[in-house]
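Student: What follows is a predicted structure for the sequence shown.
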Amino acid sequence: MSLTQLSTRAQLGIDAPEVRVEVHISSGLPAFTVVGLPETAVREARDRVRSAIINSGFEFPARRITVNLAPADLPKEGGRYDLPIALGILAASSQVNLSKIADNACFGELALSGECRKIEGLLPALIASSKAVQAVTIPRPNQAEALLVRDLQVQLADSLAQVCASLNRGEALPATAPRPEPQLPRYRLDLSEVRGQRQAKRALEIAAAGGHHMLMMGPPGTGKSMLAQRLNSILPPMSEDEAMSLASIRSISQQSIDPATWLERPFQSPHHTVSAVALAGGGSNPKPGEISLAHNGVLFLDELTEFRRGVIEVLREPLETGRIHISRAAGKAIFPARFQLIAAMNPCPGGCDSIKACECSVEQLHRFRNKLSAPLLDRIDIQIELGRLRHRELLNTNSLSAETSELVRQRVEAARQRQLARQDCVNARLDNQDLLEACALDKQLEQLLLRAMDKLRLSARSYHKLLKLARTIADLAQAERISEAHVAEAISYRQHDRRRP
């Protein structure tokens with residue numbers, strides 16, 4: 001048979017479209033051509049495959065070989081096509097029989113010796129194969145990623161010779177090891193370690209319960225970073241679907257994934273010198289950035305005003321939509337970025353205790369405030385100011401909070417369960433239609449919110465965020481309807497709006 005076809009999958013963002021590897025051997029001068037929009041690493045497969053076939057004890061055909069990677073308009077990159085190309089050549093030259101894996105998806109980069117090497121970013125392809133009820137043949141070093149995918153039939157390959165022996169002599173390829181049971185996250189940091197700052201802890205609990213974004217303003221040393229670093233300890237573990245989505249991003253970013261601890265939410269804290277591409281993602285072949293690596297977790301921006309304005313403005317789209325669009329000449333990619341933003345900043349450039357006691361000039365304050373645009377601040381639900389701790393609170397060991405992260409997490413999980421039962425999402429992700437049903441107000445509360453809008457000059461977006469915030473406060477109080485106390489507390493978390501001229 002001079003024409004063979006095998007199945008594999010490409011990488012396109014976190015998607016994995018199917019690719020058919022077509023190999024045709026014809027008479028003519030010896031040649032080896034790969035078509036189908038291959039990039040450099042795929043074109044170089046010609047040399048790797050030739051040496052791998054010869055060193056595996058097979059004959060490399062001295063004829064005209066054409067390899068087509070269909071569809072032709074889909075860019076192909078990486079070494080994942082080596083194994084299917086090699087098997088296609090051997091089958092087209094009648095050296096192996098592909099009937100046993102005709103419907104399988106094959107992946108593998110080949111060394112010159114024929115050994116199968118690990119492929120980076122394979123998890124999206126494994127997920128897509130599982131959804132298509134398609135068995136896969138993968139290199140053994142990719143076993144850890146395969147263990148994450150349920151209901152996937154996997155064959156592990158150590159070398160090209162081993163795969164060929166399985167096809168010709170019926171020697172079974174090894175299967176994956178049993179999947180380890182995921183462990184609940186163990187947190188090294190605890191909320192009880194933060195002294196004082198009762199209002200900030202309350203705001204952090206509300207943010208965790210409803211998935212709200214939060215901005216903390218205060219002089220240096222008031223515990224802003226400590227609070228942000230402990231947010232993960234009061235968040236519930238990720239569901240398996242959430243963990244799988246994050247694992248796909250980590251896989252294509254060439255980061256390790258531990259099947260035993262993969263339910264722990266991510267915490268990304270980029271330095272203020274980060275570039276817009278590193279934060280949002282990009283490159284000639286688009287790759288995820290810090291905001292996508294924080295998907296379903298926390299993105300902490302410390303010293304927010306020290307970030308370049310153009311960098312933090314890229315947060316607008318993902319804060320609103322939960323995803324980021326990357327457009328480059330090589331193609332477009334859409335990466336999920338459903339993170340919870342926690343930001344910290346000083347109240348003024350001099351790091352004074354508060355605006356009222358600020359000694360900075362009007363010009364300095366004006367330049368400082370202009371670093372953050374109003375549309376960006378409008379997207380942050382909770383904006384609070386932290387005061388400097390009194391020495392008595394700092395030195396008195398009895399001032400340690402009696403509430404541990406575990407106790408707070410129990411309340412957060414209970415509030416989230418109420419939200420999921422009511423609207424199948426956390427309050428921060430309510431759309432406008434569901435918002436009217438979940439956050440119904442009586443006339444008196446509507447008037448209270450309207451007065452707050454006029455006084456604080458709130459936008460329509462801020463109005464909706466206040467409603468969602470009040471709904472979360474009511475959920476923590478196990479209340480069916482929003483009351484005046486819930487609305488008043490929600491309004492108190494808009495400190496920055498009170499400073500607008």
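Tutor: Everything's here; your move.

Student: mind checking the SS state of residue 327?
Tutor: strand (DSSP: H, G, I helix; E, B strand; the rest coil).

Student: before we move on, what about residue 343?
Tutor: strand.

Student: And it, how close does it get to residue 255?
Tutor: The gap separating residue 343 from residue 255 is 24 Å, by C-beta to C-beta, to the nearest Å. Where C-beta positions appear, they are placed from N, C-alpha and C, glycine not excepted.

Student: Name the residue in these two with the higher neighbour count.
Tutor: residue 343 (26 against 13; other C-beta atoms under 10 Å).

Student: residues contacting that one?
Tutor: 213, 214, 215, 216, 300, 301, 302, 304, 380 (C-beta atoms under 8 Å, 6 or more residues apart in numbering).

Student: Which of the residues you listed sits closest to residue 419?
Tutor: Residue 419 lies nearest to residue 213 out of these, by C-beta to C-beta, at 16.4 Å.

Student: Would you mind confirming that that closest one is in contact with residue 341?
Tutor: Yes. Counting by C-beta atoms under 8 Å, residue 341 is a contact partner of residue 213 at 4.2 Å.

Student: list the residues that contact both of those two?
Tutor: Applying C-beta under 8 Å, 6+ apart, one finds that residue 213 and residue 341 are jointly contacted by 319, 380.

Student: Between the two, which has more neighbouring residues?
Tutor: Taking neighbours as other C-beta under 10 Å, residue 213 and residue 341 compare with residue 341 leading, 24 against 20.

Student: roughly how far apart are the more buried one and residue 228?
Tutor: 10 Å.

Student: Mutual contacts of the two, please.
Tutor: Between them, residue 341 and residue 228 share no contacting residue, judged by C-beta under 8 Å, 6+ apart.

Student: in the stretch 151-300 of the chain, which spans are strands?
Tutor: 154-157, 214-217, 267-268, 281-282, 287-288, 298-301 (DSSP state E, counting those that start in this stretch).

Student: can you redo these as JSON lines with mean pLDDT?
Tutor: Listed next are these as JSON lines, based on pLDDT from 0 to 100:
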{"stretch": "strand 154-157", "mean pLDDT": "95"}
{"stretch": "strand 214-217", "mean pLDDT": "94"}
{"stretch": "strand 267-268", "mean pLDDT": "96"}
{"stretch": "strand 281-282", "mean pLDDT": "88"}
{"stretch": "strand 287-288", "mean pLDDT": "91"}
{"stretch": "strand 298-301", "mean pLDDT": "97"}
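
Student: Out of the ones you listed, the one nearest residue 64 is which?
Tutor: That would be strand 154-157 among those, by C-beta to C-beta, at 28.1 Å.

Student: Give me the helices and strands touching the closest one, please.
Tutor: Secondary-structure packing of strand 154-157 (3 or more C-beta pairs under 8 Å, 6 or more residues apart in numbering; DSSP states H and E): strand 136-139, helix 143-146.

Student: CA atoms only: put that strand into PDB for me.
Tutor: Output of strand 154-157 as PDB, limited to C-alpha atoms (Å, rounded to 0.1, in the frame of the first residue of the first chain):
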ATOM      1  CA  VAL A 154      -4.000   5.500  26.400                       C
ATOM      2  CA  GLN A 155      -1.100   3.500  25.100                       C
ATOM      3  CA  LEU A 156       2.400   4.500  26.200                       C
ATOM      4  CA  ALA A 157       5.300   4.300  23.700                       C
END
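
Student: can you pull the buried residues of stretch 373-388?
Tutor: Neighbour-count burial for stretch 373-388, counted by 16 or more other C-beta atoms under 10 Å, picks out 376, 377, 378, 379, 380, 381, 382, 383, 384, 385, 386, 388.

Student: same question but for stretch 466-480, I mixed them up
Tutor: 466, 467, 468, 469, 470, 471, 472, 473, 474, 475, 476.

Student: Now flag whichever of these is closest to residue 98.
Tutor: Once C-beta to C-beta is applied, the member of those that ends up nearest residue 98 is residue 468, at 55.7 Å.

Student: A helix includes that closest one, no?
Tutor: Yes. Residue 468: assigned to a helix according to three-state DSSP.

Student: does it really touch residue 434, like I thought?
Tutor: No. Using C-beta under 8 Å, residue 468 is not in contact with residue 434; the gap is 10.3 Å.

Student: Let me know the distance separating the closest residue to residue 226 other than its chain neighbours from residue 201.
Tutor: Residue nearest to residue 226 in three dimensions, not counting chain neighbours: residue 194, with 5.1 Å by C-beta to C-beta, 6 or more residues apart in numbering. To residue 201, residue 194 is 7 Å away according to C-beta to C-beta.

Student: contacting residues around the longest strand along the chain?
Tutor: Scanning the chain for the strand with the most residues, using DSSP state E, yields strand 18-26. Strand 18-26 is contacted by residues 2-10, 36, 61, 63-71, 74, 76, 81, 84-85, 88-89, 91-93, 105-106, 128, 132 when judged by C-beta under 8 Å, 6+ apart.

Student: just to revisit the earlier point, now mean neighbour count and distance to residue 152 too, for the helices and strands packed on strand 154-157, in JSON lines please.
Tutor: Shown next, in JSON lines, are those (neighbours: other C-beta atoms under 10 Å; distance: least, C-beta to C-beta, whole Å):
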{"stretch": "strand 136-139", "mean neighbour count": "25", "distance to residue 152": "7"}
{"stretch": "helix 143-146", "mean neighbour count": "22", "distance to residue 152": "7"}
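
Student: quick one: the strands in the stretch 301-450 of the chain?
Tutor: 323-328, 331-336, 340-345, 382-385.

Student: wait, isn't residue 358 in contact with residue 350?
Tutor: Yes. Under the criterion of C-beta under 8 Å, residue 358 makes contact with residue 350 at 7.0 Å.

Student: Residue 409: which of the buried residues of stretch 466-480 is nearest?
Tutor: Taking C-beta to C-beta as the measure, residue 476 is the one of the buried residues of stretch 466-480 closest to residue 409, at 12.4 Å.

Student: Just read off the phi/psi values of that closest one.
Tutor: phi -70, psi -30 (degrees, to the nearest 10).

Student: ditto for residue 95
Tutor: phi -100, psi -20.

Student: Next up, the contacts around it.
Tutor: 58, 59, 164.

Student: got a winner among these for most neighbours?
Tutor: residue 164 (23 neighbours).

Student: In contact with the nearest residue to it once chain neighbours are set aside, which residues?
Tutor: Excluding the flanking residues, the one nearest residue 164 by C-beta to C-beta, 6+ apart is residue 96, at 5.1 Å. By C-beta under 8 Å, 6+ apart, the residues touching residue 96 are 87, 90, 164, 167, 168.

Student: Residue 280 now?
Tutor: With C-beta under 8 Å, 6+ apart, residue 280 has these contacts: 289, 291, 314, 318, 324, 326.

Student: From these, pick the one nearest residue 439.
Tutor: residue 318 (23.8 Å).

Student: That closest one and residue 338, how far apart?
Tutor: Applying C-beta to C-beta to residue 318 and residue 338 gives a distance of 8 Å.

Student: if you count what's nearby, which of the two comes out ahead?
Tutor: residue 318 (27 against 21).

Student: Out of the helices and strands packed on strand 154-157, which gets nearest to residue 188?
Tutor: helix 143-146 (23.6 Å).
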